[in-house]
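In: build the 3D model from these lines:
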Amino acid sequence: MFRLFDFLGRSAAIVALDDALRASGVHPMLVPDAVKHVVVRLQTEDIRPPAEFFADAAELLAFCILGSEAFRETNGDLRAEAMDARFEDATLEGDSLDAKLILITVHAGLICPEIADLVDVEDA
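Out: Residues are numbered from 1 along each chain as shown. You can find the predicted model right below:
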């Protein structure tokens, strides 16, 4: 299938996000380009350097996509425990960047059923 963004070349931000997704255990081809573009747009709301934001965003996306156990197998116990806490904080806050990233996975249909059960979509 012809992919317009491949023809024109991938932006540096998308390439950085793809690399961060891969490092977090999710193959970038599993994440639609539309989701990646939304994440890149969210990066403009953050004060951190893009590479740091993309690494953090990819880690949370991976947690939502893979689920807690698969994320633990890929990233280790310490990262999985940190993601559990980060996920819980994001669902309680409701309007943080992390909450928006979680919502993206819900609306894109990427979220693991195990994680979806923890999200109250009515408040989203």
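
In: for the nearest residue to Ala58 once chain neighbours are set aside, phi and psi?
Out: Computed as CB to CB, 6 or more residues apart in numbering, the closest residue to Ala58 that is not its neighbour in sequence is Ala20, at 3.5 Å. Heads up, the C-betas are built off the backbone N, CA and C, glycines and all. As for Ala20, its main-chain torsions (degrees, to the nearest 10) stand at phi -70, psi -40.

In: residues contacting Ala20?
Out: Contacts for Ala20 were tallied using CB atoms under 8 Å, 6 or more residues apart in numbering; they are 51, 54-55, 57-59.

In: pLDDT score for it?
Out: Looking at Ala20, its pLDDT stands at 97.

In: who's in contact with Arg79?
Out: When contacts are counted by CB under 8 Å, 6+ apart, Arg79 is found next to 59, 71-72.

In: nearest to Ile111 among these?
Out: Phe71 (12.5 Å; CB to CB).

In: does that closest one touch Ala80 like I think?
Out: Yes - shown here, Phe71 and Ala80 form a contact pair, counting by CB atoms under 8 Å, at 5.4 Å.
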